[in-house]
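Student: My questions are about this predicted structure, shown below with the sequence.
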Amino acid sequence: MLAKPLILGLETSCDETAAAVVGAGTRVYSNVIATQHELHRRYAGVVPEIASRAHLERILPVVREALQDAGTGFEDLDAIAVGHRPGLIGSLLVGTSAAKALAWSLGLGLIGVDHIAAHLQACYLDTDPDQPLREALGLVVSGGHTSLLHVHGPLEVQVLGRTIDDAVGEAYDKAAVILGLDYPGGPAIDRLAGRGDEHAHDLPVAMLGPDSLDFSFSGLKTALLYAVRGKPKGSGNRFERDAGDLTDAQRADFAASFQRAAVTALVAKLQRALDRVDVGTLLVGGGVSANSLLRERVETLARDRGLILRLPAPGYCMDNAAMIAGLAAARYDAGSFDDWTLSAATHSAVREGWIAI
């Protein structure tokens, strides 16, 4: 028997078209993700118009596959959930419109979910439902977001810090371009870094002052560019060299040095936050939570601080709809639903420092 509430979640915030069926907030019956890497690889980054058009083509087939994989039908569902913010507006509109249409036609409740908060719920998927998300320090690291959060409960999330420029995942993608690596950049950098010397290059770790819990990765990205290619010359921004001049060993050293600087910044801000908030659990979610060095460093941090560490299973690190449906279950249990005015938004709704989930 399927656990209740049984929720169909949709996720289209960036370049993954995803649908999932989740019961009781943690039991994942299906989790279907159609990536668009092949469409954006030539541009070494996500092209918003291409992404939204691909979502239009894929959303209904993905929903059908999710229901089939779960062995269920529309008639068994209790609600429709959608990640409606933050993200690319065109992509979000596809998912939000599809969720509204399904909920209206089926006579089901509609639940909009904040994508950033849902990444932390991913830490609880396929785990014991009797151990729900409780007070914790949360770090969301992805291609579009880098946020430090104080989680008081599944629907009570306070923003402590965020990136003031580039998200860490975006910095990884740009670093991969600088080094002449494949897209997406995060996995490519991580693989190559394992063969390099992380102390070969002294790249900057941005701390933004002694009390700041915010992040900055634009300076790290620029420092890597100049270290690899030299300073630009003339009005045409011509560089002294390019990634093609590097040996394999040199490229690996740059990847390892970049990764050390990026992860050091993330862990340092976690340490600062832990000095200020009294929590027993550390949550880390988002695509970059799959990074091998970050996982190693946060495991060490949690052990040293005596904290429970929850990391998503690898399949739930990237954008997915199971995390959307999982967090929606908390709103379902609270009797909190949305009406047909639910809109897509490029940013989280933050009120007095709290995310309005």
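Tutor: Okay, I see it.

Student: Over to the residue lying closest to residue 104 once chain neighbours are set aside. Which of the three states is it?
Tutor: With CB to CB, 6 or more residues apart in numbering as the criterion, residue 104 has its nearest non-adjacent residue at 7.0 Å, and that residue is residue 340. Placement of C-beta: from N, CA and C, glycine included. The three-state assignment at residue 340 reads coil, by DSSP: H, G, I helix; E, B strand; the rest coil.

Student: which residues touch residue 340?
Tutor: Neighbouring residues of residue 340 by CB atoms under 8 Å, 6 or more residues apart in numbering: 100, 104, 110.

Student: Now for the last one, how many residues are close by?
Tutor: It refers to residue 110. When counting by other CB atoms under 10 Å, one arrives at 21 neighbours for residue 110.

Student: number of nearby residues for the closest residue to it other than its chain neighbours?
Tutor: Nearest residue to residue 110, sequence neighbours excluded (CB to CB, 6+ apart): residue 103, at 4.0 Å. Around residue 103 there are 23 other residues, counting by other CB under 10 Å.

Student: doesn't residue 103 fall inside a strand?
Tutor: No - checked against three-state DSSP, residue 103 lies outside a strand; its state is helix.

Student: burial of residue 57, as a residue count?
Tutor: Using other CB under 10 Å, the number of residues around residue 57 comes to 12.

Student: Could I get the pLDDT score of it?
Tutor: Confidence at residue 57, expressed as pLDDT, is 97.

Student: what about it, which SS state?
Tutor: Quick answer, by three-state DSSP: residue 57 is helix.

Student: and the gap between it and residue 320?
Tutor: 19 Å (CB to CB, to the nearest Å).

Student: contacting residues around the most centrally placed residue in the chain?
Tutor: The residue lying closest to the centre of the chain (CA atoms, centre = their mean) is residue 286, at 2.9 Å. With contact set as CB under 8 Å, 6+ apart, residue 286 has these partners: 119, 139-142, 145, 169, 317.

Student: Next step: the residues you listed restricted to helices.
Tutor: Those of the contacts of residue 286 mapping onto helices are 119, 169, per DSSP state H.

Student: Can you tell me which of the contacts of residue 286 has the most neighbours?
Tutor: residue 119 (33 neighbours).

Student: what comes into contact with the lowest-mean-pLDDT helix or strand in the chain?
Tutor: Ranked by mean pLDDT, DSSP states H and E, the weakest helix or strand in the chain is helix 37-40, scoring a mean of 82. When contacts are defined by CB under 8 Å, 6+ apart, helix 37-40 is touched by residues 15, 46-47, 50-51, 54, 183-184.

Student: Could you save those as a markdown table and add columns showing secondary structure and distance to residue 29?
Tutor: Putting the contacts of helix 37-40 into a markdown table (DSSP: H, G, I helix; E, B strand; the rest coil; distance: CB to CB, whole Å) gives the following:
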| residue | secondary structure | distance to residue 29 |
| --- | --- | --- |
| 15 | coil | 24 |
| 46 | coil | 29 |
| 47 | coil | 33 |
| 50 | helix | 31 |
| 51 | helix | 27 |
| 54 | helix | 25 |
| 183 | coil | 32 |
| 184 | coil | 28 |
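
Student: For the chain, which segments are assigned as helices?
Tutor: According to DSSP H, the helices that the chain contains are 37-40, 48-70, 89-106, 115-121, 168-178, 185-193, 218-229, 248-274, 292-305, 322-333.

Student: which stretch among those comes nearest residue 155?
Tutor: Across those, residue 155 has its closest neighbour in helix 322-333 (5.5 Å, CB to CB).

Student: Alpha carbons only: can I get the closest one in CSV?
Tutor: Extracted C-alpha coordinates of helix 322-333, given in CSV (Å, rounded to 0.1, in the frame of the first residue of the first chain):
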residue,chain,number,x,y,z
ALA,A,322,11.3,14.1,-5.3
MET,A,323,12.6,16.8,-3.0
ILE,A,324,9.7,19.1,-4.2
ALA,A,325,7.1,16.5,-3.4
GLY,A,326,8.9,15.6,-0.1
LEU,A,327,8.8,19.2,1.2
ALA,A,328,5.2,19.6,-0.1
ALA,A,329,4.1,16.9,2.2
ALA,A,330,4.9,19.1,5.2
ARG,A,331,2.6,21.8,3.7
TYR,A,332,-0.1,19.2,3.0
ASP,A,333,0.0,18.0,6.6
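
Student: Any regions of the stretch 151-300 of the chain where pLDDT drops low?
Tutor: Low-confidence segments of the stretch 151-300 of the chain, defined by pLDDT under 70: 235-236.

Student: quick check: domain ranges of the chain?
Tutor: As assigned by automatic domain parsing, the chain contains the domains 6-126+315-355, 138-312.

Student: Pick the most deeply packed of these.
Tutor: Per residue and on average, the most neighbours among those fall to domain 6-126+315-355, with a mean of 21 (mean count of other CB atoms under 10 Å).

Student: Regarding that domain, how distant is the last residue from the first?
Tutor: Using CA to CA, to the nearest Å, one end of domain 6-126+315-355 lies 25 Å from the other.

Student: want to try TSV for the contacts of helix 37-40, with distance to residue 157 as columns?
Tutor: Below are the contacts of helix 37-40 laid out as TSV (distance: CB to CB, whole Å):
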residue	distance to residue 157
15	25
46	25
47	31
50	32
51	26
54	30
183	31
184	27
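
Student: wait, which of these is closest to residue 344?
Tutor: residue 51 (13.4 Å).
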